[in-house]
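Novice: Here's a sequence, model it:
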Amino acid sequence: MKVILTGKQIDITDAIKGFVDKKIQKLDKFFDSSTIAEVTFSAKKEKQKVDLKIEHKSKMYIANIDTHDIYGGFEEAIEIVIRQIRKEKAKLEKTRRENINIVVEEEPLEQE
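Specialist: I've put the predicted structure just below:
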């Protein structure tokens, strides 16, 4: 997974980079190496904002968190994305089950 880190009015330190790399590994089981994850940290007065956007094939997963702690906010963003993935997976499985359970009635054969 490719990770793009951006800081708006905040410096991205090596500690933040290491933390993001460590936590983003939770998502490696869901995505392949062609996936792009964009992480944006921004600061406004007392609050900080963490934006996580993941592009995988034709799907996009987005989490926006306003927080006082960048590290906690990023962990929360990861959990939100994992919830989105699981919810989508559950919908797909439900649709597949419904399609399997459809009983196709065959027309009786005419006997001559």
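
Novice: what ranges do the strands span in the chain?
Specialist: Using DSSP state E, the strands of the chain run over 2-8, 36-44, 47-56, 59-67.

Novice: relative orientation of the last one and strand 36-44 in degrees?
Specialist: Spelled out, that is strand 59-67. 20 degrees (axes from the mean of the first three to the mean of the last three Cα atoms, to 10 degrees).

Novice: What's the local residue count around Thr95?
Specialist: Residues near Thr95, counting by other Cβ atoms under 10 Å, number 10. Heads up, the C-betas are built off the backbone N, CA and C, glycines and all.

Novice: Sorry, slip of the keys, the one I care about is Ile70.
Specialist: Other residues close to Ile70 by other Cβ under 10 Å number 21.

Novice: winner for burial among the strands of the chain?
Specialist: Of all the strands of the chain, strand 47-56 carries the top mean neighbour count, a mean of 19, counting by mean count of other Cβ atoms under 10 Å.

Novice: for the protein, longest helix please?
Specialist: When the chain is scanned for its longest helix (criterion: DSSP state H), the result is helix 70-101.

Novice: other SSEs contacting that one?
Specialist: helix 14-24, strand 47-56, strand 59-67 (3 or more Cβ pairs under 8 Å, 6 or more residues apart in numbering; DSSP states H and E).

Novice: Centre-most residue in the protein?
Specialist: Computing the C-alpha centroid of the chain and ranking residues by Cα atoms, centre = their mean puts Val81 first, at 3.4 Å.

Novice: Hmm, that residue is touching Glu55, no?
Specialist: No: Val81 is beyond contact range of Glu55, at 11.7 Å (criterion: Cβ atoms under 8 Å).

Novice: list the residues that contact both of the two?
Specialist: Here Val81 and Glu55 share no contacting residue, scored by Cβ atoms under 8 Å, 6 or more residues apart in numbering.

Novice: Return the per-residue confidence for the residue lying closest to Ile12 once chain neighbours are set aside.
Specialist: What sits nearest to Ile12 in space, not counting adjacent residues and going by Cβ to Cβ, 6 or more residues apart in numbering, is Leu5, at 5.1 Å. Per-residue pLDDT puts Leu5 at 95.

Novice: go on, the one 3 residues further on?
Specialist: What the model reports for Lys8 is a pLDDT of 93.
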